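[1] With the sequence up front, the predicted model follows.
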Amino acid sequence: MIRVLQSDRALLAKKELEIHDLEAQMAVIAERLSVLRSEKLEIKNRLDSYTYSALPNEITAEIFLQFLPPYPVAPPMLGPRSPILLTKICRQWREVALTTPMLWRAITLPGV
């Protein structure tokens, strides 16, 4: 009986050491994870600062107007020369295109 207790105590001591080792490894991993999260946030912030929206909306709208065919040719409602194409690039371009009435002044409607 005493031998069984001693054997159990030795096993428990061994398992406690294993737990201690695992906790130490987890602490190292947690520290590395914290460093990686910090690096990720730094990179994300840097990427966010490089936006393609450096131009004011007014200038972007003027560029969009140059996209239209010259007067009196009207742009098509659909297709590669349609102002609708500009609305599909990104949210900012959609907002600019939809708030630029000159883009929509003379669209050729299909079947008309």
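    Looks like it came in fine. Numbering: from 1, shown residues only.
[2] Please tell me how far S34 sits from N45.
    17 Å (C-beta to C-beta, to the nearest Å). Every residue, glycine included, has its C-beta placed from N, CA and C.
[3] Oh, that last question was meant for Q66, not what I typed.
    Relative to N45, and taking C-beta to C-beta, Q66 is found at 34 Å.
[4] same deal with L65?
    34 Å.
[5] so what's the backbone phi/psi at P76?
    Main-chain torsions, P76, degrees, to the nearest 10: phi -70, psi 160.
[6] Could you double-check that it sits in contact with L85?
    No: using C-beta atoms under 8 Å, P76 is not in contact with L85; the gap is 9.9 Å.
[7] intersection of neighbour lists for those two?
    Contact with both P76 and L85 is made by no residue, according to C-beta atoms under 8 Å, 6 or more residues apart in numbering.
[8] Which strand residues bridge the closest residue to S82 other than its chain neighbours?
    Nearest residue to S82, sequence neighbours excluded (C-beta to C-beta, 6 or more residues apart in numbering): P76, at 5.1 Å. Beta bridges link P76 to T108, judged by DSSP bridges.
[9] tell me the domain boundaries of this protein?
    According to automatic domain parsing, the chain comprises the domains 1-50, 57-104.
[10] mean confidence score for the longest one?
    Regarding domain 1-50, the rounded mean pLDDT is 91.
[11] same thing with the shortest one?
    In this model, domain 57-104 has an average pLDDT of 90.
[12] now the helices for the chain?
    Applying DSSP state H to the chain gives helices spanning 2-49, 57-67, 91-98.
[13] Please work out which of those helices is packed deepest.
    Sort these by mean neighbour count, taking mean count of other C-beta atoms under 10 Å, and helix 91-98 sits at the top with a mean of 16.
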